[in-house]
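Q: After the sequence you'll find the predicted model.
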Amino acid sequence: MKFAKTGALLLLPCVLSACAHLAADKVPPQQTVAAEAPVATPVETGPIDFDAALARTTQAYDSTGMVAAVSKDGTTIWQGADGLAEEGTDRPVTQDMLFPIASISKAFTTTALAMLVERGEVKWDEPIRTYIPEFAMYDPWVSEHFTVRDALTVGNDIVVRSVLEGDTGQVIAFKVKVLKLLSKPSGLLITSFPKRIESIGLRAVKRAQLGVSVSLDAEVYPDDETVTGIIIDLSEKGCKVALQVKPNWPVMLDEADVKLNYSIDGKEVALTAKVKNHRLESDVVYYGLAFTCDEKLIKTLLSRHTLLT
């Protein structure tokens, strides 16, 4: 469904044309240098047809509809509308119709920030939480350290990290410069090529790869629903659990409490843990959990399913 766009692109040429026309009578006449010099014949421009100019602009930019205005000396001398409010309908655009300005607001925001920096009220490299304490991103560390300059992404350096799963766990990281942000056809971040890639080990305790079926209890899950998953790897400190994505199984957020229930020799055993990270892949969600329960329960599970005890 295609909606009308604002006619911001029309404003500049119209203003320039209007100023040229309205100021024509203020231009001093040319001084005659020589009697034999040719005299220019004045061109009769006549009044500017802004409605026609708007219609041509709407067509040139293949816009569903536009609203535009021309201002001189702080006074609006013309305003108009052309086209449809919504493609496929007969509803026309009106002069008082509101439009979503989308990314145009970025230019206003950046200019306002620069003015505040010039006044000394804001610093580019100060964390945003200095000015907006409730500011929060997905990652707590990022929320605390994200600066005003970071919010103006293009041209800045970013660190990209990716966790590689395995028996010890590794994180691959590299630093690149943001070159461009694209919103179409989907959200894309274009960066420079990394000059160096680093690999860092994550786990001090080796994990065993296994597959133990468990049921999970958490605040986000319905009481009458049996949520089942599989422990993919396990250590004395934590584990990774895989669950199938279902509409009635909401994704648990980091630091959420969870209980893993399983059976040993016909006896029900429960391990308590906290969610430390989660990752969605296709129709499966993977949770990295840190145990908060008695170590004896964990060692019992390890002794039954691994060789790490």
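A: Cool, got the structure. Numbers count the residues shown, from 1 in each chain.
Q: which stretches of the stretch 101-250 of the chain form helices?
A: Using DSSP state H, counting those that start in this stretch, the helices of the stretch 101-250 of the chain run over residues 104-119, 140-145, 148-151.
Q: got these as TSV, with distance to V176, mean pLDDT and mean neighbour count columns?
A: Using the backbone N, CA and C atoms, a C-beta is placed for each residue, glycine as well. Compiled in TSV, the helices of the stretch 101-250 of the chain are given as follows (distance: least, C-beta to C-beta, whole Å; pLDDT from 0 to 100; neighbours: other C-beta atoms under 10 Å):
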stretch	distance to V176	mean pLDDT	mean neighbour count
helix 104-119	22	84	12
helix 140-145	17	81	12
helix 148-151	14	78	16
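Q: closest one to N277 among these?
A: Within those, the stretch nearest N277 is helix 140-145; the backing value is 11.6 Å (C-beta to C-beta).
Q: Strands of the chain, start to end?
A: Residue ranges of the strands in the chain, as given by DSSP state E, are 65-72, 75-83, 157-164, 170-182, 188-191, 197-201, 208-218, 227-234, 238-244, 257-264, 267-281, 284-291.
Q: among those strands, where is the model least confident on average?
A: Averaging pLDDT over each of the strands of the chain singles out strand 197-201 as the lowest, with a mean of 64.
Q: quick one, what contacts the closest residue to F146 other than its chain neighbours?
A: In space, and not counting its chain neighbours, F146 is closest to I128: 5.4 Å by C-beta to C-beta, 6 or more residues apart in numbering. For I128, the residues meeting the contact criterion (C-beta atoms under 8 Å, 6 or more residues apart in numbering) are 135, 146-148, 150-151.
Q: if you set the cut-off to 10 Å instead, what comes out?
A: Listed by C-beta atoms under 10 Å, 6 or more residues apart in numbering, the contact set of I128 reads 122, 135-137, 143-151.
Q: my guess is P222 contacts L216, does it?
A: No. When contacts are counted by C-beta atoms under 10 Å, P222 is not listed as touching L216 (12.0 Å).
Q: What separation do you get for the closest residue to T76 other than its chain neighbours and T75?
A: Nearest-residue entry for T76: A69, 5.5 Å, with adjacent residues in sequence omitted and distances by C-beta to C-beta, 6+ apart. Distance check for A69 against T75: by C-beta to C-beta, to the nearest Å, it reads 11 Å.
Q: burial measure for E87, as a count.
A: When neighbours are defined as other C-beta atoms under 10 Å, E87 has 12 of them.
Q: Work out the gap between stretch 62-75 and the centre of the chain.
A: Averaged C-alpha coordinates place stretch 62-75 at 30 Å from its chain's average position (C-alpha atoms, centre = their mean, to the nearest Å).
Q: my bad, should have said stretch 120-127
A: Offset of stretch 120-127 from its chain centre (C-alpha atoms, centre = their mean): 22 Å.
Q: May I see the buried residues of it?
A: Residues of stretch 120-127 classed as buried by neighbour count (16 or more other C-beta atoms under 10 Å): 122, 127.
Q: Need the contact partners of it.
A: Outside of stretch 120-127, the residues within contact range by C-beta under 10 Å, 6+ apart are 112-117, 128, 130-131, 135, 143-152.
Q: related to what we said a few turns ago, who's more crowded, P222 and L216?
A: Between P222 and L216, L216 has the larger neighbour count (other C-beta under 10 Å), namely 21 against 10.
Q: Which residue is the nearest non-sequential neighbour of the more buried one?
A: Setting aside the residues directly before and after it, L216 is nearest to V227 in space (C-beta to C-beta, 6+ apart), at 4.7 Å.
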